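Visitor: Here is a sequence together with a model predicted from it:
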Amino acid sequence: MAATKNNQWWKLRSKHGREKLFSSPEMLWLSCVEYFEATDKRKWNKVDYKGAKNQKVLIPTETPYTLTGLRIFLDIDNQTWINYKTKEPYKDFFEVITRVEEIIYTQKFEGAAVGAFNPNIIARDLGLIERKDIKYDTEIKPIEFTIIKNKK
């Protein structure tokens, strides 16, 4: 049976929308710390060949923190993260979001600086670019040739 036209049943709801995924900034912070700890335990193996016989060697390497990895870990999408970061109903979360983003930035930057992570990839990810201003003289100048005759 279809709902009657112009009904007002929606007004009888006690609340609208779903609950916040994290009930408090402290809960969000604890979940982020859990992500950091889990990422610190997870190692990638870099393959290298050493010795006269070129034996394959696996070198454990650190894993960088990423916002994408954090959001997957927290089971939230990018828009939800942005809401926690910018929307007025979530203003209590602003400090935690800022702190988490600064931790992720610093871990990547320092990891690239000491060679634990690929500096080129991390620099691009962090938006760090090296600019070189090269100025060209666009004035067209004639090329002069000098012919030298060999005398024998």
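Guide: In hand now; what should we look at? Numbers count the residues shown, from 1 in each chain.
Visitor: show me where pLDDT drops low in this structure?
Guide: Within the chain, the stretches with pLDDT under 70 are 1-3, 9-19, 131, 133, 136-138, 151-152.
Visitor: In the chain, mark out all the helices, start to finish.
Guide: 25-41, 67-74, 78-86, 94-113, 119-126 (DSSP state H).
Visitor: Any chance of those in CSV with distance to Val47 and mean neighbour count as columns?
Guide: Backbone N, C-alpha and C define where each C-beta goes, glycine included. Listed next are the helices of the chain as CSV, based on distance: least, C-beta to C-beta, whole Å; neighbours: other C-beta atoms under 10 Å:
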stretch, distance to Val47, mean neighbour count
helix 25-41, 21, 15
helix 67-74, 22, 15
helix 78-86, 33, 15
helix 94-113, 19, 16
helix 119-126, 17, 14
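Visitor: now for those helices, which one comes closest to Lys5?
Guide: helix 78-86 (33.7 Å; C-beta to C-beta).
Visitor: send the alpha carbons of that closest one over as PDB?
Guide: What follows is helix 78-86, C-alpha atoms only, in PDB (Å, rounded to 0.1, in the frame of the first residue of the first chain):
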ATOM      1  CA  ASN A  78      36.800  11.600   1.600                       C
ATOM      2  CA  GLN A  79      33.600  13.700   2.000                       C
ATOM      3  CA  THR A  80      33.100  12.500   5.500                       C
ATOM      4  CA  TRP A  81      36.700  13.500   6.400                       C
ATOM      5  CA  ILE A  82      36.200  16.900   4.800                       C
ATOM      6  CA  ASN A  83      33.000  17.300   6.900                       C
ATOM      7  CA  TYR A  84      34.900  16.500  10.100                       C
ATOM      8  CA  LYS A  85      37.500  19.000   9.000                       C
ATOM      9  CA  THR A  86      35.300  22.000   7.900                       C
END
